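Undergrad: What would the 3D arrangement of this be:
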Amino acid sequence: MGRILVVEDEQRIASFVGGALKARGWAVDMVAEGKTALKLVETRDYDLVLMDLVMPGLHGVELLQRILQARPHQRTMVLSAQAEPRVKVECLEAGAVDYLTKPFSLDELIARVNVRAKDEDTMDTYLYRGGVKLDVMKRRAEGLKGEVDLTEREFLLLRHLISNAGNVCSRPELLSEVWGFSFDPGSNVVDVYVRRLRSKLGDVIRTVRNVGYTLAG
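TA: Residues are numbered from 1 along each chain as shown. The predicted model follows:
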């Protein structure tokens, strides 16, 4: 197993989450405020960061954004009592790999952690499709414009498109597989991230009108 950072100021929840993770073999660091969390992310490698949104000092979407500015590939999952779709959308669009609403069951937490922090070593190091080369370890891609770094969400989107090359991926499918939505949040987040990938890689993604997206070529 690897190492997880838990950012939670409510001691009861922090102990509950940290204890459950340690019992399953994870090394766990726990902090109660955002500035310390950011310093740890800048200096240590974590397989996953689990963070609350409301805590002393630096918090919320700003903390999430600062974490991803410091480590663009850092997988970060939000654990929050805020259940409004608007908040979930904002966090997922900012780059969170998942959002779990409190209260949650221990089984669901562990299942999501195992998925979001899974070992990429079990995958092929490189994926090639549609004129794109994706390095799944370094989260870098090479397209028509050369080699570029990808954010975590850009990587997940491109990996899904490559893994389903030859098929058209619908927006609901991409929202579910890449952002974890089981519903349409009324957001154009898929289109925004497709544009980001095109700006980095060139026209490697083709739009299928009224259906979704597929790799070109």
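
Undergrad: Starting from the helix or strand hosting Met30, tell me which strands it pairs with and how they run.
TA: Using DSSP states H and E, Met30 sits in strand 27-31. Strand 27-31 pairs in its sheet with strand 3-7 (parallel), by DSSP bridges.

Undergrad: Check the average confidence over the strand it pairs with, would you?
TA: Strand 3-7 carries an average pLDDT of 95.

Undergrad: and the angle for the helix or strand Ala37 falls within with strand 3-7?
TA: For Ala37, the host element (DSSP H and E) is helix 34-43. Helix 34-43 and strand 3-7 are oriented at 160 degrees to each other (axes from the mean of the first three to the mean of the last three Cα atoms, to 10 degrees).

Undergrad: moving C-terminal of helix 34-43, what's the next helix or strand?
TA: Criterion used, DSSP H and E; the element after helix 34-43 is strand 48-51.

Undergrad: re earlier: which of the residues in the helix holding Ala37 are buried?
TA: Applying a neighbour-count criterion of 16 or more other Cβ atoms under 10 Å, one finds Gly34, Thr36, Ala37, Leu38, Leu40, Val41 buried in helix 34-43. To be clear about C-beta, it is placed using only N, CA and C from the backbone, and glycine gets the same treatment.

Undergrad: Rebuild the residues you listed as CSV, extending it with distance to Val97 and pLDDT.
TA: Shown next, in CSV, are those (distance: Cβ to Cβ, whole Å; pLDDT from 0 to 100):
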residue, distance to Val97, pLDDT
Gly34, 18, 92
Thr36, 22, 94
Ala37, 16, 94
Leu38, 18, 94
Leu40, 18, 94
Val41, 14, 93
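
Undergrad: From the recorded domain assignment, give the ranges for the chain.
TA: Domains of the chain are assigned by automatic domain parsing as 3-118, 121-215.

Undergrad: which of those has the lowest average pLDDT?
TA: Among those, domain 121-215 scores lowest, with a mean of 85.

Undergrad: now that one: how far from the chain's centre is it?
TA: 13 Å (Cα atoms, centre = their mean, to the nearest Å).

Undergrad: cool, stretch 2-17 as well?
TA: 19 Å.

Undergrad: List the buried residues for it?
TA: Ile4, Leu5, Val6, Val7, Glu8, Asp9, Ile13, Ala14, Val17.

Undergrad: The fourth one pairs with what?
TA: Applying DSSP bridges to Val7 gives these bridge partners: Val31, Met51.

Undergrad: My guess is it contacts Met55. True?
TA: Yes - the criterion here is Cβ atoms under 8 Å, and Val7 meets it with Met55 at 7.0 Å.

Undergrad: Show me what stretch 138-150 is in contact with.
TA: With Cβ atoms under 8 Å, 6 or more residues apart in numbering as the test, stretch 138-150 has contacts from 72-73, 131-135, 152, 155, 158, 197, 200-204.

Undergrad: Let me know the closest of the buried residues of helix 34-43 to Glu177.
TA: Val41 (25.8 Å; Cβ to Cβ).

Undergrad: can I assume that closest one is in contact with Gln69?
TA: No - with contact defined as Cβ under 8 Å, Val41 does not reach Gln69; the gap is 10.0 Å.
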